[in-house]
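In: Sequence and predicted model, in that order:
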Amino acid sequence: MVKLLFGIHCHQPVENFYEVVDEAIEKAYKPFLKIAKKYPKFKFAVHYSGWLLEYIKNYSKETFKLLQDLALNGQVEFFSGGYYEPILAAIPSDDRKYQIEKLNKFIKENFDQTPKGLWLTERVWDSSIIPDIVNLGIEYVIVDDYHFLSAGFRKENLYGYYITESNGYKVKLFPIDKNLRYLIPFKTVDKIKEYLHTLSNTENPAGIIFDDGEKFGIWPKTYQWVYQQGWLENFLSEISNSKDIEFAHYQEYSENQKPLGIAYLPITSYHEMGEWSLFAEDFEKFEKLKEFLEKNNMSQESEKFVKGNIWHNFLVKYPESNRIHKRFLDLSISYRDYKKNQAFLDNLLKSQCNDVLWHGIFGGLYLPNLRSNAYRFIIKAEKEIEKITKKHKKVEVKDINCDGYEEVKVHTDNLILIFDSKEAGQLTELSIKDKEFNFQNTLTRRKEGYHYKLLQTNQSSNHDDEGISTIHEMQTTI
């Protein structure tokens, strides 16, 4: 019997455009839950970022009630994570704990569950987080099969979970199956069942899928395919009635099945993230090298040995990203003793939302509203410090952005100014406090690695009887 461990991850950047969030609720989150409720054998996991859960609770009571009903009848297992969806390895240990504890508390109060699983933002794995998450009651974490493949594991040995540890703190690791990521919900149910049946050769096999909830209605053509053409109803009906495939919760599987062994993983994220974090010129070389290896029947070797960069390289690639990251890092470290002030802490944690710090197939750093939001919360946190201390340093000279050169930070009654000595005294921040806005929040126009692919093609995505294309497979018309 193949156990299908099915999970969805739903997230919207903090204070994203409300019309964007509303569309995601109406086209993806709510219809998915409504159909799921009709199939009681459908056990699945969910991770919703905290701000999104708050928004749904306040503005889509029907959707929130569906989540509560599904939790009550035992269909849903809630996963924890950072409340405002930070990259956990990119924030200080105490903030990491605040973020996870805040989401755990919300889930307990509203759904009467204490999460044992953790969704890792952008699947950015770094073993340094293990002691913190274990101390918060987390027992298992979701990563990609790519994490294991890049560490030398074989694909056929990844249909279960492994144990890893750091300084004796142990946690279980579930590898998401990339094949299922590209099959669900994009291909026909027959194709998906056919693939799941191939896993039955292994002992106590688990088909592991935990992917974006937005793929079920928001990604191109998915609303028509998943709901109007009945993919989700067909999928849940077929699996629920299957004699050799069964839905199961991650907690249930981890408690009843032994691990496949021990594993130590490198600092990494999913494969595409590694590509995006490369510098543009390296991205082109990376693509050409992969194409060469694939043409020479070495695609498996490519996945194992040819790697992109780590997530943190976005902070090198984009100075604009690094400035935001180091601003909230400096506030967190310099004013650690003031985190008992809830207003300061909330604004600090909101500023740590990951989306604005990187750029891939979606907008991220390129979206000015997300950058403005990050600075708004940073400025709000600064203002809270002024209220608490009743005074604030008028001039600070220190290396805020961690590049080895000092910056000069000047406070006036209504302005925050930062000058960068490395850039000959360039003004890199001009924030006005009463408007909570940084006028220097601009972005340099630059070449991106994916331009290479865009210039190679002039074909749009296809849709045939076998299903629809994922965003990663689509070619854009130019």
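Out: Cool, the structure landed.

In: need the strands for the stretch 51-200 of the chain, in chain order.
Out: Using DSSP state E, counting those that start in this stretch, the strands found in the stretch 51-200 of the chain span residues 76-78, 117-119, 140-144, 162-166, 169-176.

In: Now do the last one against strand 162-166, angle only.
Out: Taking axes from the mean of the first three to the mean of the last three Cα atoms, to 10 degrees, strand 169-176 and strand 162-166 form an angle of 140 degrees between their directions.

In: Relative to strand 169-176, what are the paired strands and their orientations?
Out: strand 140-144 (parallel), strand 162-166 (antiparallel) (DSSP bridges).

In: where does the stretch 101-250 of the chain dip in pLDDT?
Out: In the predicted model of the stretch 101-250 of the chain, no residue satisfies pLDDT under 70.

In: chain center to the top helix by length along the chain: distance?
Out: The single longest helix within the chain, with elements called by DSSP state H, is helix 368-389. Its chain's C-alpha centre and that of helix 368-389 lie 23 Å apart, by Cα atoms, centre = their mean, to the nearest Å.

In: about what we covered before: mind putting the strands of the stretch 51-200 of the chain in JSON lines, distance to Lys108 and mean neighbour count included?
Out: Where you see a C-beta, it was placed from the backbone N, CA and C, and this is true even at glycine. Formatted as JSON lines, the strands of the stretch 51-200 of the chain follow (distance: least, Cβ to Cβ, whole Å; neighbours: other Cβ atoms under 10 Å):
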{"stretch": "strand 76-78", "distance to Lys108": "9", "mean neighbour count": "25"}
{"stretch": "strand 117-119", "distance to Lys108": "14", "mean neighbour count": "25"}
{"stretch": "strand 140-144", "distance to Lys108": "18", "mean neighbour count": "24"}
{"stretch": "strand 162-166", "distance to Lys108": "26", "mean neighbour count": "17"}
{"stretch": "strand 169-176", "distance to Lys108": "21", "mean neighbour count": "21"}
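
In: Nearest to Thr412 among those would be which one?
Out: Using Cβ to Cβ as the measure, strand 117-119 is the one of these that comes nearest Thr412, at 41.9 Å.

In: Tabulate the strands of the stretch 51-200 of the chain (a markdown table), appending distance to Phe216.
Out: Shown next, in a markdown table, are the strands of the stretch 51-200 of the chain (distance: least, Cβ to Cβ, whole Å):
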| stretch | distance to Phe216 |
| --- | --- |
| strand 76-78 | 15 |
| strand 117-119 | 16 |
| strand 140-144 | 18 |
| strand 162-166 | 28 |
| strand 169-176 | 16 |
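
In: Tell me, please, where in the stretch 251-400 of the chain the pLDDT is lower than the cut-off.
Out: 392.

In: Would you map the helices across it?
Out: 271-276, 280-295, 299-305, 314-317, 319-334, 342-351, 368-389 (DSSP state H, counting those that start in this stretch).

In: could these be laid out in a markdown table, adding mean neighbour count?
Out: Converted to a markdown table, the helices of the stretch 251-400 of the chain look like this (neighbours: other Cβ atoms under 10 Å):
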| stretch | mean neighbour count |
| --- | --- |
| helix 271-276 | 20 |
| helix 280-295 | 14 |
| helix 299-305 | 14 |
| helix 314-317 | 20 |
| helix 319-334 | 20 |
| helix 342-351 | 21 |
| helix 368-389 | 19 |
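
In: Would you mind saying which of these lies nearest Tyr84?
Out: Taking the helices of the stretch 251-400 of the chain one by one with Cβ to Cβ, helix 342-351 is closest: 5.3 Å.

In: Counting by contacts, list what the closest one packs against.
Out: Helices and strands touching helix 342-351, as assessed by 3 or more Cβ pairs under 8 Å, 6 or more residues apart in numbering; DSSP states H and E, comprise helix 93-111, helix 319-334, helix 368-389.

In: Tell me what angle that helix forms with helix 319-334.
Out: Using the same axes, to 10 degrees, helix 342-351 lies at 150 degrees relative to helix 319-334.

In: how about the CA coordinates for stretch 61-78, as PDB?
Out: Output of stretch 61-78 as PDB, limited to C-alpha atoms (Å, rounded to 0.1, in the frame of the first residue of the first chain):
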ATOM      1  CA  LYS A  61     -15.000  33.700   7.400                       C
ATOM      2  CA  GLU A  62     -16.300  30.900   5.200                       C
ATOM      3  CA  THR A  63     -12.800  29.800   4.200                       C
ATOM      4  CA  PHE A  64     -11.700  30.000   7.800                       C
ATOM      5  CA  LYS A  65     -14.600  27.900   9.000                       C
ATOM      6  CA  LEU A  66     -13.800  25.300   6.300                       C
ATOM      7  CA  LEU A  67     -10.300  25.100   7.800                       C
ATOM      8  CA  GLN A  68     -11.700  24.700  11.300                       C
ATOM      9  CA  ASP A  69     -14.200  22.000  10.200                       C
ATOM     10  CA  LEU A  70     -11.500  20.100   8.400                       C
ATOM     11  CA  ALA A  71      -9.300  20.200  11.500                       C
ATOM     12  CA  LEU A  72     -12.200  19.100  13.700                       C
ATOM     13  CA  ASN A  73     -13.000  16.100  11.600                       C
ATOM     14  CA  GLY A  74      -9.400  15.000  11.400                       C
ATOM     15  CA  GLN A  75      -8.700  15.600   7.700                       C
ATOM     16  CA  VAL A  76      -6.200  18.400   8.200                       C
ATOM     17  CA  GLU A  77      -2.800  18.400   9.900                       C
ATOM     18  CA  PHE A  78      -1.400  21.900  10.500                       C
END
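
In: Which pLDDT value belongs to the nearest residue to Ile129 once chain neighbours are set aside?
Out: Distances taken as Cβ to Cβ, 6 or more residues apart in numbering put Leu88 closest to Ile129, at 5.1 Å, once the chain neighbours are dropped. If you check Leu88, the pLDDT there is 98.
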